[in-house]
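> quick one: sequence plus predicted model below, questions after.
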Amino acid sequence: MKGGKSNAKADNKLSVKKGAAKAGRKSSKKEKDPNKPKRPPSAFFVFMEEFRQQYKEKHPNNKSVSVVGKAGGDKWKSLSDAEKAPYIDQAEKRKKEYEKKMEAYNKKLAQGSSAAEEDESDKSRSEVHDDEEDDEGSGEEEDDD
């Protein structure tokens with residue numbers, strides 16, 4: 001009985017620590033750019049796209065994702081290199097397309113960030129200049145002398 005109670009207390013302490021850790025991660029995590037291209041799938045995932053369709057046709061009543069994944073993994077392992085070749089080729093094509101999209105995305109980002117930096121620098125200069133004018137006219141500095 002005592003062991004059960006102490007485990008409950010330990011679980012409560014752990015849950016508090018996990019919650020605090022998750023909250024800390026969220027604030028430091030960068031937001032993802034929705035315009036950034038998605039990474040291309042590997043050869044296995046290209047294979048799984050086709051395999052899922054075939055598996056659903058053969059087993060229409062199956063609703064479990066894990067069963068499909070396990071069956072696909074087993075099938076992938078049993079394939080020879082010659083049978084995997086079309087999926088590898090397709091994955092390489094997608095990777096090349098992704099690299100082109102990323103290159104265009106990075107160029108666009110670089111052009112956009114340089115324009116944004118110019119806007120920010122002008123804005124910060126005007127704010128600093130406004131602050132200096134406010135400090136001079138406030139008269140607070142004269143009281144300190």
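Perfect, thanks for sending it.
> okay, CA-based contacts and neighbour counts for the rest of this
Fine.
> what's the helix or strand for residue 90?
According to DSSP states H and E, residue 90 maps onto helix 81-138.
> pLDDT on that helix, on average?
Here helix 81-138 scores 76 as its mean pLDDT.
> quick one, phi/psi of residue 59?
phi -130, psi 70 (degrees, to the nearest 10).
> and the pLDDT for it?
Looking at residue 59, the pLDDT reads 92.
> any idea how far residue 51 is from it?
Residue 59 sits 12 Å away from residue 51, going by CA to CA, to the nearest Å.
> have a look at these two and say which one is more surrounded.
With neighbours defined as other CA atoms under 10 Å, residue 59 and residue 51 compare such that residue 51 has more, 19 against 11.
> buried ones in the helix or strand encompassing that one?
Residue 51 belongs to helix 43-58 when assigned by DSSP H and E. Neighbour counts over helix 43-58 (16 or more other CA atoms under 10 Å) mark 43-44, 46-48, 51-52 as buried.
> after it comes which helix or strand?
Downstream of helix 43-58, the next assigned helix or strand under DSSP H and E is helix 65-78.
> other SSEs contacting that following helix?
Packing partners of helix 65-78 (3 or more CA pairs under 8 Å, 6 or more residues apart in numbering; DSSP states H and E): helix 43-58.
> tell me the angle of the helix it packs on relative to helix 65-78?
Angle of helix 43-58 versus helix 65-78, following axes from the mean of the first three to the mean of the last three CA atoms, to 10 degrees, is 120 degrees.
> thanks again, I'm all set now.
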